[in-house]
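Participant: I'd like to go over a predicted model; first the sequence, then the structure.
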Amino acid sequence: MEEPLSWRTLFRTSLSEAGYSTEDTHCIFRIEMEARRFFEFSGIMPEWLMLQDIVRKDGEIHYYWVSRSTSATCPHCHQESTEKKGDHDNKTVQDIPRDNMAVYHHIKANRFYCGNADCGIAMFAERILSLMDENARKTRRFVNYCVERAVGSTCQYAEGEIRREGGVISNDTLGRYLKSEGAKLAEANLTDNASVEVLSVDDFNLRKGDSSSGCTVFVNGETGKVLLLVSGTTKGAAEAVSRRFKSAKILSRDRATAYASAGKELGFEQVADGFHLVDNAQKAVEDALAATIPVKVYIRKGDGWISADNDGASNGMAPCPTRVRVSEDVIADKVKCAGLTPAKEKKYRGTMQVLELDSAGMRTAEIAKTIGVSVPEVRALRRSAAITLREVDERIAERSALIAAAPAPKTEVPGERATKTVGGERVKPATESIVEPYRQTVIDMWKEGGNHRTIHPVLAEMGYTGSANAIYQYILKLKKESPDCMVRIKQTEPPKWAEEFDIATAEALPELTLDVLDRKDIYNEILRQARETRPKSDDNGQLLKSESDTNANAGDGASAERVEATSVNDGEGMPNDSAEANVPKKKKSKWPASAKTSPLPRYILELMYGPEIDEDSSEPDNKKN
């Protein structure tokens, strides 16, 4: 255990050793404590609390305070009292950690007798509301610090972070702090709501895909601030909360009949929310594109595409004035110049047929029937059409480049693949080899492209009695001793297809390029252009001058969005987006167990969960009201 270090002891000892008197030491220490209180805790600690000592022990910092007040206000009757009781109320409160150490304040607060005879209490301890709430064990700023950390992550993660910084906290305590702050915010939204003029309402599920967990969220339509979340998506839940916002005149909602009925009952002017307006507009654009544009749009470029008259379209499609094809001569020349195999030629010709029939407006099944292949094959040819055409052109270009560039002769020397060497002290020179009498013949035949296996029969006819391997070793020795005479030039042989390849025909072939554009890409481009041309607004939501002048004739778009409740949805024959349409009405259950310890006021809990109902009774529990 670490030995405690007291600031008072260290400070006074140092001053005494420096020659200061006891009275001077005491005076200087008080000035030191006053300065620390002012610079470190100004605005937090009241002036009547005096800092007495600072102690560090066991990885913690402890500040000791004592009250010097002469009067205090009774927290019950709010009458000032000056009669002290004589003892103190000791409080310990944790503050924000410092230097990876927990920080604690030990406060001796005075106790006073209440001088008001009508007050219900006889004595009280003075409060330090600038530092902490009543009976709190942590300072207000430490609580706010914990809440900010928990909101930015999770209670469990924030607990670990704060503990690593030296603080002492649990994730359960962090959860209580979050609930308490949320309760304060919810109560403030319901009590101070005079500025809410547009009330937005929507439904969501706490558990994805589970409509029984449906809830309703209420939002300030102008600021986007969440006001309250309530359980259920019924008319009653929406109406009960909406009544609390008396200043609201407009209800922004989706197509849910429950919210439409609640808005009509309260006389709200109802408008469609922005999300569904944009969603409907996007759906309309997608439907229009699907009706007029195929899934894939082919963009043809180059002189090789020929447009021919088309008699019309089949399967009820709109007539297509032209059909685009490629002449048989061009196809045959490209197949020949690219040197396609029979399988690749079949794929290339099939792709050309599919593209031609597609330009005529034929559907996939019709194309498959016309060219005599299956529907999946047609789809595969369509998907790879651009790649197929590009690969053929690239193959022709590659062959043309090889023919146009004359291959350079290759210089060779013997022994490039030799696994044996002719070095070392015991290796005899070439002049002592049995092949030396045939030196010139070996050199000449090797330069003409021969090797030791082809040279050996010739030398044998000339009287050579050695082996072919001896000739091989002799050639390696010549390379080492006379490298200049053992160099030969090998002409690169042209590829086998070069004789049939006509570079003039290849260069004269027309260009055939194909770009494929998905319908989704077209839609995204429409959205991009819409964003660029949309009127720009300033920070206050006002159109900029240049844009407002351009859109001066646009009219009042907001008025077009507003409709009466009966025109938006009268509750009959319209789709219901809320969970009310799919979930049968059941008897309301009791409040969840967490509601019993919730810091929310009772009237907010009733808005969120409805009236509390006993397990054995369908009547509200009025005993707690």
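Facilitator: Okay, I see it. Residues are numbered from 1 along each chain as shown.

Participant: What helix or strand is Val168 located in?
Facilitator: Taking DSSP states H and E as the criterion, Val168 maps to no regular element, lying outside all helices and strands.

Participant: The longest strand anywhere in the chain packs against which elements?
Facilitator: When the chain is parsed with DSSP state E, its longest strand is strand 84-98. The criterion is 3 or more Cβ pairs under 8 Å, 6 or more residues apart in numbering; DSSP states H and E, and the helices and strands that strand 84-98 contacts are strand 60-67, strand 101-113, helix 140-152. C-beta coordinates here come from the backbone N, C-alpha and C atoms, glycine included.

Participant: would Leu229 count as being in a helix?
Facilitator: No: when the secondary structure is assigned by DSSP: H, G, I helix; E, B strand; the rest coil, Leu229 falls in strand instead of a helix.

Participant: Would it be right to say that Thr505 lies in a strand?
Facilitator: No: remark: Thr505 does not belong to a strand; assigned using three-state DSSP, it is helix.

Participant: And it, how far from Val335?
Facilitator: 12 Å (Cβ to Cβ, to the nearest Å).

Participant: cool, Ala258 as well?
Facilitator: Relative to Val335, Ala258 is positioned 67 Å away (Cβ to Cβ).

Participant: Looking at those two, which one has more neighbours?
Facilitator: Using other Cβ atoms under 10 Å, the more surrounded residue of Ala258 and Val335 is Ala258, with 26 against 18.

Participant: Please point out which parts of the helix or strand encompassing the more buried one sit buried.
Facilitator: Counting by DSSP H and E, the element that carries Ala258 is helix 257-266. Along helix 257-266, the positions that meet the burial threshold by neighbour count (16 or more other Cβ atoms under 10 Å) are Thr257, Ala258, Tyr259, Ala260, Ser261, Ala262, Gly263, Lys264, Leu266.

Participant: can you check stretch 268-287 too?
Facilitator: When neighbours are counted by 16+ other Cβ under 10 Å, the buried residues of stretch 268-287 are found to be Phe268, Gln270, Val271, Ala272, Asp273, His276.

Participant: again, but for stretch 332-346
Facilitator: Of the residues in stretch 332-346, those with enough neighbours to count as buried (16+ other Cβ under 10 Å) are Asp333, Lys334, Val335, Lys336, Cys337, Ala338, Gly339, Leu340, Lys344, Glu345.

Participant: Pick out the most distant pair among those residues.
Facilitator: Of all pairs drawn from the buried residues of stretch 332-346, the one with the largest separation by Cβ to Cβ is Asp333 and Lys344; the distance is 15.3 Å.

Participant: ok, which stretches of the stretch 151-300 of the chain are helices?
Facilitator: In the stretch 151-300 of the chain, the helices defined using DSSP state H, counting those that start in this stretch lie at 155-164, 171-191, 235-242, 257-266, 274-292.

Participant: Now do the fourth one and helix 235-242, the angle between them.
Facilitator: Angle between the axes of helix 257-266 and helix 235-242 is 50 degrees (criterion: axes from the mean of the first three to the mean of the last three Cα atoms, to 10 degrees).

Participant: Now do helix 257-266, average pLDDT.
Facilitator: When the per-residue pLDDT values of helix 257-266 are averaged, the result is 88.

Participant: Now do Ala343 against Arg349, distance only.
Facilitator: 11 Å.

Participant: And for Ile96?
Facilitator: Distance from Ile96 to Arg349, by Cβ to Cβ: 78 Å.

Participant: swap in Glu366?
Facilitator: Computed as Cβ to Cβ, the Glu366 to Arg349 distance reads 18 Å.

Participant: just Glu187 next, same as before
Facilitator: Distance of Glu187 to Arg349, computed by Cβ to Cβ: 77 Å.

Participant: How is this structure partitioned into domains?
Facilitator: 5-137, 193-302+518-586, 307-405+505-511, 410-490 (automatic domain parsing).

Participant: Of those domains, which shows the lowest average pLDDT?
Facilitator: Averaged per stretch, pLDDT over those is lowest on domain 193-302+518-586, reaching a mean of 75.

Participant: And the buried residues of stretch 332-346, which is closest to Val66?
Facilitator: Out of those, the member with the shortest distance to Val66 (by Cβ to Cβ) is Lys344, at 95.7 Å.

Participant: Just the element for that closest one, please.
Facilitator: helix 342-359.

Participant: So for that helix, what gets flagged as buried?
Facilitator: Of the residues in helix 342-359, those with enough neighbours to count as buried (16+ other Cβ under 10 Å) are 344-345, 347-359.

Participant: Now tell me what touches it from outside.
Facilitator: When contacts are defined by Cβ atoms under 8 Å, 6 or more residues apart in numbering, helix 342-359 is touched by residues 294, 298, 300, 310, 320, 322-326, 331, 334-335, 340, 366-367, 370-371, 373, 377-378, 381-382, 384-385, 388-389, 392, 514.

Participant: and after it, which helix or strand comes next?
Facilitator: Proceeding C-terminally, helix 342-359 gives way to helix 364-371 as the next helix or strand, assigned by DSSP H and E.

Participant: Now do that following helix against helix 342-359, angle only.
Facilitator: Using the same axes, to 10 degrees: helix 364-371 against helix 342-359 is 130 degrees.

Participant: What residues sit buried inside helix 364-371?
Facilitator: Those buried within helix 364-371 under the rule 16+ other Cβ under 10 Å are Thr364, Glu366, Ile367, Ala368, Ile371.

Participant: Any chance you could list what contacts that helix?
Facilitator: Here helix 364-371 makes contact (Cβ under 8 Å, 6+ apart) with 314-315, 350, 353-354, 357-358, 362, 374-375, 377-379, 382.

Participant: Could you work out the most separated pair of those residues?
Facilitator: Spatial extent of the contacts of helix 364-371 (Cβ to Cβ) is set by the pair Asn315 and Gly350 at 21.3 Å.
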